[in-house]
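Colleague: heads up, no residue letters with this:
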């Protein structure tokens, strides 16, 4: 009997070792600081006080996937573009700016006026704060910041699309000529 157990011991240890490795399938994972990139903006995650992660289930796949973000603003905006955004199984994690621990983003209090990587200005914490925002209010704040400060990028993208369409229709013009009217109209 002992010989049989000793013979199986390496296999048992190997199975236990493999079971402990890999993605746990739920919760946040450690960030490889200065190496992992934000899923939305592609900036490297280096701010240890404002990172976020979203764990989600892609329809048709068995395992969950994990996306990492440098700012809760990037996480919220990226999630809004996903077809499964309202799936109750989707987990959103953010680092507590006071403790450095991962916390559930839906239960966090968000404090305005923070210096964050993408300038959405929200620091998350589990502790309540005067004038702190809940998750729904934080999402509204992020959407407002995006509307206010990304309007220039949207206008530029629209101009570039228009130029590409004009070129595609055989109406090629000098790039400087197309940019000048938009600039002279007061696009700021």
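Modeller: On my side now, so go ahead. This structure is a prediction, so every number in the text was calculated from the model and none was measured.

Colleague: buried ones in stretch 129-139, by neighbour count?
Modeller: 132-133, 135, 138-139 (16 or more other C-beta atoms under 10 Å). For every residue, glycine as well, the C-beta is placed using N, CA and C.

Colleague: out of the residues you listed, the closest to residue 93 would be?
Modeller: Comparing the buried residues of stretch 129-139 against residue 93 with C-beta to C-beta places residue 135 closest, at 12.1 Å.

Colleague: give me every residue that touches that closest one.
Modeller: 105-108, 110 (C-beta atoms under 8 Å, 6 or more residues apart in numbering).

Colleague: and the residue positioned nearest the centre of the chain, its phi and psi?
Modeller: What sits nearest the mean C-alpha location of the chain, by C-alpha atoms, centre = their mean, is residue 75, with 2.8 Å. Reported as degrees, to the nearest 10, the phi and psi values for residue 75 are phi -60, psi -50.

Colleague: now do the contacts for it.
Modeller: With C-beta under 8 Å, 6+ apart, residue 75 has these contacts: 40, 52-54, 67, 69, 92, 94, 105.

Colleague: on that earlier part again, looking at the buried residues of stretch 129-139, spot the one nearest residue 27.
Modeller: Looking across the buried residues of stretch 129-139 and measuring by C-beta to C-beta, the closest to residue 27 is residue 135, at 17.7 Å.

Colleague: quick one: the closest one from residue 35, how far?
Modeller: For residue 135, the distance to residue 35 equals 28 Å [C-beta to C-beta, to the nearest Å].

Colleague: same deal with residue 87?
Modeller: For residue 87 relative to residue 35 (C-beta to C-beta), the value is 29 Å.

Colleague: now swap in residue 119 and tell me
Modeller: 23 Å.

Colleague: one more: residue 114?
Modeller: 24 Å.

Colleague: likewise for residue 122?
Modeller: Distance from residue 122 to residue 35, by C-beta to C-beta: 24 Å.

Colleague: do residue 164 as well
Modeller: 35 Å.

Colleague: ok, now residue 94?
Modeller: Distance from residue 94 to residue 35, by C-beta to C-beta: 20 Å.

Colleague: correct me if wrong: residue 107 contacts residue 126.
Modeller: Yes: the criterion here is C-beta atoms under 8 Å, and residue 107 meets it with residue 126 at 7.1 Å.

Colleague: circling back to that earlier point, from the buried residues of stretch 129-139, which land in helices?
Modeller: 135, 138-139 (DSSP state H).

Colleague: now distance to residue 62 too, for these, in CSV please.
Modeller: Listed next are those as CSV, based on distance: C-beta to C-beta, whole Å:
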residue, distance to residue 62
135, 29
138, 32
139, 30
